[in-house]
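Here is the input, now give the coordinates:
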Amino acid sequence: MIIILLTTVSILLIYAIYIRYTNIDKGEVIEKLNWPFLNIIDENGKYVNIVCIRGPLEKKDDILSFEKYKKQNKLIIGCSSYLSFPNKCMNPICDYRTFFFKGERIDKLVDGWLHPFKHDKGIQTEKKLLLSESDFVDNVDFLNHYDISSKKIKYDFICFCPSDDDNSCDKGWNYHNKNWSLAKKTIEVACNELDLNGILVGRENCPLNIDKKKLERHEKLEYFDFIKKISESKFMIISSYEDASPRVIGEALLLNTPVIVNKDIIGGWKYVDEESGVFYDSLTIKTKIKEIMEKKFNPRKYFLKNYGIQNSGKKFRDFIVSIDPSFSKYKQLRFSIS
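Below you'll find the model as predicted:
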């Protein structure tokens, strides 16, 4: 009896996996993709026959996979989710050569491109759309169903600036992308000149010239602990520079936490509106923090009105249909959770 039960469960599990990865209309199995590739899903959470490339071809297997998808005539969509990709990166650790395939830049070899940039002239794909992975952060149930009436403030601000692998405080991948030098200065002004208290996640070993009692510090937090801290903050500091698709901005807005954002950020700038936050730079830290502390914002309402699965999913679908009308049978398209 137990053997029969286990066999039945196994069969059902295999069938569930088959349904998850199979396009019923065409009777073909759609493989699960791994970085730098990503699956696209429809309104039912089912894989569709599109390959998304969102980062460079760093390994031999990446190159072979890209070549395979090209030979299979897959619809390939590029997405900027890595530094300035496909444009030349500014991070000194980045290898721009991996943005090419057989001498051609990747964006010249795909069918369309999704990007977060203010200006798209640098992208060499004919079909392109202002759309990011971070537009879909409401795919997390807690964020999607968050009740703003439950919001209880514990901190004036929160800042997220992850450490680098060698725990260096003045160089490294995250030092550049997350712009630690600006984050550090912002925290010091907030604590010393405006007498605010906050929380910093990341760079626990990096020195700050402040009263330690004014800043709660954590090297890392589990995801749901982290977003709870965001919900408990009056505003969030986003000092990032070369950050293409900053999910954390969308997460903050869905938690009804306004953001103060580096005016030079390459992605995520589109989320800043009079309802959601303010831009700043190293010269306007104090005045802009005062502004965000004094003004009334409606960040969650703004995000859901302009982005999220309902809005961005329809834009994504319409963009794909403009490239290949056979995808018109879908109501929405979006990225699988990465």
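
Give me the contacts around stretch 299-306.
138, 146, 148, 250, 252-259, 271, 273, 275-277, 310-311 (Cβ atoms under 8 Å, 6 or more residues apart in numbering). Quick note: C-beta positions are derived from backbone N, CA and C, even for glycine.

now that stretch, how far from the chain's geometric center?
Its chain's average C-alpha position is 16 Å from that of stretch 299-306, according to Cα atoms, centre = their mean, to the nearest Å.

now swap in stretch 287-297 and tell me
Worked out by Cα atoms, centre = their mean, stretch 287-297 lies 25 Å from the chain centre.

I'd like the average pLDDT over it.
What stretch 287-297 shows for mean pLDDT is 97.

CA atoms only: put it into CSV for me.
Below are the C-alpha coordinates for stretch 287-297, written out as CSV (Å, rounded to 0.1, in the frame of the first residue of the first chain):
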residue,chain,number,x,y,z
THR,A,287,17.8,69.9,2.3
LYS,A,288,16.5,66.9,0.6
ILE,A,289,16.3,64.8,3.8
LYS,A,290,14.3,67.7,5.4
GLU,A,291,12.0,67.7,2.4
ILE,A,292,11.3,64.0,2.6
MET,A,293,10.7,64.2,6.3
GLU,A,294,8.3,67.1,6.0
LYS,A,295,6.3,66.2,2.9
LYS,A,296,3.4,63.8,2.6
PHE,A,297,3.9,61.0,0.0
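
just the buried members of the contacts of stretch 299-306?
Buried members of these, scored by 16 or more other Cβ atoms under 10 Å, are 138, 146, 250, 252-259, 271, 273, 275-277, 311.

Now intersect these with the helices, please.
Mapping the buried ones among the contacts of stretch 299-306 onto helices (DSSP state H) picks out Gly250, Ala252, Leu253, Leu254, Asn311.

Name the nearest residue to the fourth one, sequence neighbours excluded.
It stands for Leu254. Computed as Cβ to Cβ, 6 or more residues apart in numbering, the closest residue to Leu254 that is not its neighbour in sequence is Leu143, at 4.3 Å.

pretty sure that neighbour is touching Ser134, no?
No - if you go by Cβ atoms under 8 Å, Leu143 and Ser134 don't touch, sitting 11.8 Å apart.

Which residue of these two possesses the greater neighbour count?
Ranked by neighbour count (other Cβ atoms under 10 Å), Leu143 and Ser134 place Ser134 first, with 24 against 21.

If I follow the layout properly, the more buried one ends up in contact with Ile249?
Yes - counting by Cβ under 8 Å, Ser134 touches Ile249, with 6.7 Å between them.

any shared contact partners between these two?
Gly268, Tyr271.

now for the ones in helices among the buried ones among the contacts of stretch 299-306, which pair is the farthest apart?
Greatest spatial distance among those (Cβ to Cβ): Ala252 and Asn311, at 18.1 Å.

Am I right that Ala183 is in a strand?
No - under DSSP: H, G, I helix; E, B strand; the rest coil, Ala183 sits outside any strand and is assigned helix.

got the buried residues for stretch 118-137?
For stretch 118-137, by 16+ other Cβ under 10 Å, it's Ile123, Gln124, Thr125, Lys128, Leu129, Leu131, Ser132, Glu133, Ser134, Asp135, Phe136, Val137.

Then stretch 34-51?
36-42, 46-51.

how about the strands of the stretch 151-300 of the chain, start to end?
Taking DSSP state E, counting those that start in this stretch as the test, the strands found in the stretch 151-300 of the chain are 155-160, 198-201, 215-218, 233-238, 259-262, 277-280.

Dump the ones you listed to TSV, plus mean pLDDT and distance to Lys118.
Converted to TSV, the strands of the stretch 151-300 of the chain look like this (pLDDT from 0 to 100; distance: least, Cβ to Cβ, whole Å):
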stretch	mean pLDDT	distance to Lys118
strand 155-160	98	23
strand 198-201	98	28
strand 215-218	98	33
strand 233-238	98	16
strand 259-262	98	13
strand 277-280	98	12
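
Quick one: closest of the ones you listed to Asn167.
With Cβ to Cβ as the criterion, Asn167 lies closest to strand 215-218 of the strands of the stretch 151-300 of the chain, at 13.9 Å.

Restricted to helices, list the buried residues of stretch 34-51.
Counting by DSSP H, none of the members of the buried residues of stretch 34-51 fall within helices.
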